[in-house]
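> here is a sequence with its predicted model. Questions after.
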Amino acid sequence: MAAVESFVSRQLELLEQEREAELQEKRAWQESVSPKELQRRGVCLLKLQVASQRTGLYGRLLVVLEPRKWDPGATLPCNSFGPGDIVGLYESAHEAAPLLATGILTQITQRSVTVAFDESQEGALAVDPGGLYRLLRLANDITYKRLRRTADVLQRLPGHITERGRWLCPGPERAGHHPRPTWHRQDHDSGG
């Protein structure tokens, strides 16, 4: 059991190091790399306009962004964005524009990207349909939080995890479906 507990502890340490390295990399990109270069690397989309906006689940503002409207056949450049990514919305007017809001990318097609926003830093997000915006993919806190939560649960289960990663309890000789099991799975949370 000590091997499993030391494994979980080591994974938590590595997770913290990876998260810190990712945050430092994103900060360095924002400070030293031009938006055009970030777009070339696939982590930024430039010169987007609001195509539509509506209210989604839980009162989130869903904003559909497309390349400039005066170019009807315009498609988004090659990028590494995907559903679930955390993105930052900035005005495209100048490189040092402050962050307007962060949101979660919900849908991406060749011609548009849809982002769900909770709120901006100063209250309700107001986007100008004629304005130009850029999206920057930010560090993914959701994945970090999920992995951290799972590792915390594993740490709270001392003595209940075998080397193979299953919760096992001794059982009667013929308790399972296989003719010779001496162990069976048990759900410890429900007592069964």
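Thanks, I have the structure now.

> for the rest of this, base every contact and every neighbour count on C-alpha atoms.
Will do.

> which residues in this structure form helices?
Here the chain has its helices, by DSSP state H, at 2-32, 35-41, 141-155.

> relative to Val113, which of the ones you listed is closest?
With Cα to Cα, the closest approach to Val113 among the helices of the chain belongs to helix 35-41: 14.6 Å.

> and the end-to-end length of stretch 87-101?
Counting by Cα to Cα, to the nearest Å, you get 9 Å between the two ends of stretch 87-101.

> dump the helices of the chain into a markdown table; add mean neighbour count and distance to Ala96 as well.
Below are the helices of the chain laid out as a markdown table (neighbours: other Cα atoms under 10 Å; distance: least, Cα to Cα, whole Å):
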| stretch | mean neighbour count | distance to Ala96 |
| --- | --- | --- |
| helix 2-32 | 14 | 9 |
| helix 35-41 | 16 | 10 |
| helix 141-155 | 14 | 23 |
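
> dump the residue contacts of Ser80.
Each residue near Ser80 by Cα atoms under 8 Å, 6 or more residues apart in numbering is listed here: Gly42, Val43.

> distance check, it against Val33.
According to Cα to Cα, Ser80 and Val33 sit 17 Å apart.

> how about Tyr133?
Applying Cα to Cα, the value for Tyr133 to Val33 is 18 Å.

> chain neighbours aside, what residue packs nearest to Trp29?
Nearest residue to Trp29, sequence neighbours excluded (Cα to Cα, 6 or more residues apart in numbering): Leu38, at 7.7 Å.

> which secondary structure element of this protein has the lowest mean pLDDT?
strand 168-170 (a mean of 43; mean pLDDT, DSSP states H and E).
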